[in-house]
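**Student:** Please work out how this folds:
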Amino acid sequence: MRMLIRISLLMAITAAGCSTSDEPDPVVAPAWESYFGACRITGIALDDPGARIFAAADDAGFRYFNGTSWAYFLRENSAIPSNRVRDAALDSKGVCWIATDRGISLFNGSSFAAMTYESTGGGLPSNDVRCVFRDATGLMWAGTSQGAARYSGSSWSVFTQASGMASNSVSCIGQDRSATANMWFGHDGAGLSMMDVLGAFHLYGTSSGLSDGSVNGIAFDSSNIGWFATDNGLDSFNGTAFTQYLTSNSSLPHDSVRDVSVDPADTVWIATAAGFASLNLGMWNIYTASSGLNSNDTLCCLAVTSAASWVGSARGINRLNASGWTGNTLNNALLPSNAVNAVCVDSAGREWLGTEAGLSRRSGSAWAEWTPATSALSEAHCRSLHVDENGVAWVGTLAGLNKFDGSGWAAFTTSNSGIPSDIVTGIAQDASGNLWLATANGVSRFNRVSAFTNHGVAEGLSSLAVNCIGVDSQGRVWAGTTQKLFKLDGAVWTSYGVADGIPSDSVLSLDFGTGTVWVATPSGAAAFDGSAWTKHDAASGALPSNDARSVGVADTGEVYVATAQGLAVRFGSTWTVKNTLNSGLLSDNLKSVSAPAGRKEVYIGTNGCGAQIYRPEHLFAGN
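**Tutor:** Numbering: from 1, shown residues only. The predicted model follows:
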């Protein structure tokens, strides 16, 4: 049985500037509250005793275990510059260097300090930092999109393609065990660069025998054999020639190798896209979910001893020791995926979240989760959601419409019902209690029992690929398709397209204001007052990006547009933008936004960073 965990990220802030699992909920509701499921761990660092653990959580910030409990650091609750954290390494003083896409953050266990291109006067060649590394002399290195940099403690030395490197894009750094302790740099597509003690570079690519030019990890054993993780296999290098280990010629679980580490006994540990492996003296051991890993999708590894290895995966962190595997998903919500397609709130105040890997529900502090592996949900990709007046949840997936009444599931598919397609992208309910479904093969009206009335070309719907659907206050049905917006008034469908004033014929989302229908399209947002369309886009300053994915309209009149570069908010006639730089938004890459009737909160689904509640400041001031 899985334990349900919820940790509010915006609890009372401790002296360390973080929220921990044993703090009480705040009395004052925060402006932003975040839910993220099992996070991707892309880098792990340990202090020498191994009591403290530092973990890079990809797009979900930074995780820290102080020996007793885990803490969660994001831009919304700490001074970390970005939630996109790629790697972590400890310096000789025990300070953790954190690689982000907005520079390096130095964490001493209680506070953060920034190290950026600007603050170093260009000593750090780019704020886009991909990796960090401590060499044998204790000097710290950073790999960036614009070269590698070495920090002496007071000054920087920069190494780029102009210095002799194969590429400026540095994805990983290592050091060999030769007498000269040469530095090695892995690149994205350009192979390897080795810098010798004189500062000269020696380049190795696929023409040298390297299995692939994209190198993800570097390690050396006590015999100075180099081991390299690439996008197409594991390679060893004896100083003269490369040996390739592939699924076709070895027991490697997958050719996509994400990281490699070597323990003191010269066992090579390998993280791949389909499991974790160890190799010693030609003997392979393979570890997968059936062995105790929390995910086969492993991303990084750190070998400590021959009996202990740490593995970061798509679902958190794992440790292998003499007694087997232990794992921690490092989540604060029971979300099967951090890609959130839809959020709705039922009449009891329960929050339902449809993700790319299943359905979640939060009721107070309790979470529940349903996936095809743990329930009768017909398919994992939950694209649309609706909860009716009886508390019954209706879930649109790529394999039919699912009904959950609180105790059991039922699925309506093309094989057992009259639904026109198994792909259900939108759900709305009319005043008579009928559900209107947006599908990949037209619109369907469903009486919630067994009768489907379908609308296609013959009924006047000239485009059958329907993205979204809604019912306005007058009972008219609106359907956004890939080729136009359609309105059903009585028995007649009317279409609206670019020629009528919509920014794009492809309508991805729609919602209703007072006498107005709002749409989100790949070319901006627009509003229709019954007679004319008004466009709102990046050129007019309304949106941060024309790539508008979703629109929500609040009871109080505010309009929210989720885009690829942040959230646009319209209050009155004024637009403002919320993004990761000026607010607590976890990611600018948004998928959905919902402003449920009767609530002041706004629910935001991101494309990889979970879901958030936004409480607009002007509505919650003084609360």
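
**Student:** Checking A499 next. Helix, strand or coil?
**Tutor:** helix (DSSP: H, G, I helix; E, B strand; the rest coil).

**Student:** And it, how far from S531?
**Tutor:** 15 Å (CB to CB, to the nearest Å). In this view, the C-beta of every residue, glycine as well, is placed from N, C-alpha and C.

**Student:** now swap in T267 and tell me
**Tutor:** In terms of CB to CB, T267 sits 73 Å off from S531.

**Student:** picking that back up, please identify which of A499 and S531 sits among more neighbours.
**Tutor:** Using other CB atoms under 10 Å as the criterion, A499 and S531 rank with A499 on top: 9 against 5.

**Student:** Any figure for the gap between that one and A479?
**Tutor:** Counting by CB to CB, the gap from A499 to A479 is 18 Å.

**Student:** Equivalent analysis for Q146, please.
**Tutor:** 47 Å.

**Student:** These two: which has the busier surroundings?
**Tutor:** Using other CB under 10 Å, the more surrounded residue of Q146 and A479 is A479, with 28 against 20.

**Student:** following the lowest-mean-pLDDT helix or strand in the chain, which helix or strand shows up next?
**Tutor:** None of the helices or strands of the chain scores lower by mean pLDDT, DSSP states H and E than strand 19-20, at a mean of 33. Using DSSP states H and E, the helix or strand that follows strand 19-20 towards the C-terminus is strand 32-35.

**Student:** Parallel or antiparallel, list what pairs with that next one.
**Tutor:** If you go by DSSP bridges, strand 32-35 pairs up with strand 611-614 (antiparallel).

**Student:** can you pull the contacts of S291?
**Tutor:** For S291, the contacting residues are W325, by CB atoms under 8 Å, 6 or more residues apart in numbering.

**Student:** go on, the one 3 residues further on?
**Tutor:** The neighbourhood of N294, defined by CB under 8 Å, 6+ apart, consists of 38, 313, 315-316, 318, 327-329.

**Student:** what's the answer for P420, then?
**Tutor:** 414, 439, 441-442, 444, 452, 454, 456.

**Student:** What's the separation between it and A31?
**Tutor:** P420 is 43 Å from A31, by CB to CB.

**Student:** L619 belongs to a helix?
**Tutor:** Yes - the assignment for L619 by three-state DSSP puts it in a helix.

**Student:** pLDDT below threshold where in the stretch 501-623 of the chain?
**Tutor:** Applying pLDDT under 70 to the stretch 501-623 of the chain flags the ranges 621-623.

**Student:** again with the chain
**Tutor:** 1-30, 49-50, 305-307, 322-323, 328, 621-623.

**Student:** let's go with 50 and repeat that
**Tutor:** For the chain, the stretches flagged by pLDDT under 50 are 1-29.

**Student:** what's stretch 483-500 in contact with?
**Tutor:** 443, 455, 459-463, 465, 476-480, 502, 504-507, 510, 519, 528, 533.

**Student:** Recalculate using a threshold of 10 Å.
**Tutor:** Residues outside stretch 483-500 that contact it (CB atoms under 10 Å, 6 or more residues apart in numbering) are 436, 443, 445, 455, 459-469, 471-472, 474-481, 502, 504-507, 510, 517, 519, 521, 523, 526, 528, 532-533.

**Student:** Just the ones of those residues in strands?
**Tutor:** Per DSSP state E, strands hold the following members of these: 436, 443, 445, 455, 466-469, 471, 477-481, 510, 517, 519, 521, 526, 528, 533.

**Student:** shouldn't S337 be in contact with S295?
**Tutor:** No - between S337 and S295 there is no contact under CB atoms under 10 Å: 12.0 Å.

**Student:** Overlap in contacts, those two.
**Tutor:** 38, 314.

**Student:** Tell me where the stretch 201-350 of the chain has strands.
**Tutor:** 201-204, 215-220, 226-230, 233-237, 242-245, 257-262, 268-272, 275-280, 283-287, 298-305, 308-313, 316-321, 324-328, 340-345 (DSSP state E, counting those that start in this stretch).

**Student:** export those to a markdown table and tack on distance to G103?
**Tutor:** As requested, the strands of the stretch 201-350 of the chain are arranged in a markdown table below (distance: least, CB to CB, whole Å):
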| stretch | distance to G103 |
| --- | --- |
| strand 201-204 | 26 |
| strand 215-220 | 22 |
| strand 226-230 | 25 |
| strand 233-237 | 31 |
| strand 242-245 | 35 |
| strand 257-262 | 23 |
| strand 268-272 | 26 |
| strand 275-280 | 31 |
| strand 283-287 | 35 |
| strand 298-305 | 21 |
| strand 308-313 | 22 |
| strand 316-321 | 24 |
| strand 324-328 | 28 |
| strand 340-345 | 28 |
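
**Student:** any chance of those in CSV, with mean neighbour count too?
**Tutor:** Shown next, in CSV, are those (neighbours: other CB atoms under 10 Å):
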stretch, mean neighbour count
strand 201-204, 17
strand 215-220, 25
strand 226-230, 26
strand 233-237, 22
strand 242-245, 18
strand 257-262, 25
strand 268-272, 26
strand 275-280, 22
strand 283-287, 15
strand 298-305, 22
strand 308-313, 24
strand 316-321, 21
strand 324-328, 15
strand 340-345, 23
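
**Student:** of all those, which lies closest to V158?
**Tutor:** strand 201-204 (13.5 Å; CB to CB).

**Student:** partners of that closest one in the sheet?
**Tutor:** strand 192-195 (antiparallel).

**Student:** Return the alpha-carbon coordinates of the partner strand using PDB.
**Tutor:** Provided in PDB are the C-alpha atoms of strand 192-195 (Å, rounded to 0.1, in the frame of the first residue of the first chain):
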ATOM      1  CA  LEU A 192      34.800  14.100 -25.900                       C
ATOM      2  CA  SER A 193      37.500  16.600 -25.200                       C
ATOM      3  CA  MET A 194      40.500  15.800 -23.000                       C
ATOM      4  CA  MET A 195      42.700  18.600 -21.600                       C
END
